[in-house]
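Visitor: Fold the following, please.
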Amino acid sequence: MSVIVLLHGASSSGKTTLAKALQAQAPAPFLRLSFDTYRDGGALPPPDRRDWPQIRAAVFEGLHRSLAGFADSGCNLIVEHILDTPGWRRRLQTLLCAHQVLFVGLFTPTDLLARRERARGDRRIGSAAEDAARIHAGLRYDLTLDGTAAPETNARHVLGALAEPCAARSAFFTG
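Guide: Presented below is the predicted three-dimensional model:
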């Protein structure tokens, strides 16, 4: 069984920064994977292409299967994701059910999201606030974190949660 830390938060919430801090502090090796891993590595066409809507579903199905493939192969994962499309959570529940998942909600104030989004310059302005307003609705997390806290502090919280004995199934699999 692999360990999967699923970081869920709006765009610009600090998932990547937290994932890097967590990867650096973890006592065991973790792969850090996300849509951005494939996009920024040049494996995917840019999402602003006209034909993106035709391939989007297949790309994300491939991403989700790749996560399961790495986990099924024995790799521990830190996954940065935004569950913004109906059916994705259910699909990942099916694909990742054999593994230990820590479902982490990263909450960052809207004004900070907007500042980060502008500073990045690679996102549609306003998309982070739109994400934040809807992606956490109805979800229960194993751990919630403040996106304004130092990434190293949040990484220690995640590692502390992983060190606790698993008394119950991850909140990711309920609902």
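Visitor: S2 contacts G74, correct?
Guide: Yes: using Cβ atoms under 8 Å, S2 is in contact with G74, at 6.0 Å. Any C-beta I mention is one placed from the backbone N, CA and C, and that applies to glycine too.
Visitor: can you count the residues close to H81?
Guide: By other Cβ atoms under 10 Å, the residues close to H81 number 21.
Visitor: Check H99 too.
Guide: 17.
Visitor: Pretty sure G105 sits in a helix.
Guide: No: G105: not assigned to a helix; according to DSSP: H, G, I helix; E, B strand; the rest coil it is strand.
Visitor: From here on, call the first residue 241.
Guide: Right, with 241 as the first residue, what we last looked at is G345.
Visitor: how near is it to G302?
Guide: Using Cβ to Cβ, to the nearest Å, we find G345 at a distance of 25 Å from G302.
Visitor: So between the two, which is more surrounded?
Guide: G345 (20 against 15).
Visitor: Would you check how far apart that one and E301 are?
Guide: Taking Cβ to Cβ, one finds G345 at 24 Å from E301.
Visitor: Then S242?
Guide: In terms of Cβ to Cβ, S242 sits 20 Å off from E301.
Visitor: What's the per-residue pLDDT of the spatially closest residue to Y381 that is not a sequence neighbour here?
Guide: Distance criterion Cβ to Cβ, 6 or more residues apart in numbering; nearest residue to Y381, sequence neighbours excluded, is G345 at 3.9 Å. If you check G345, the pLDDT there is 96.
Visitor: ok, G345 touching H376?
Guide: Yes: assessed by Cβ under 8 Å, G345 is found in contact with H376 at 6.0 Å.
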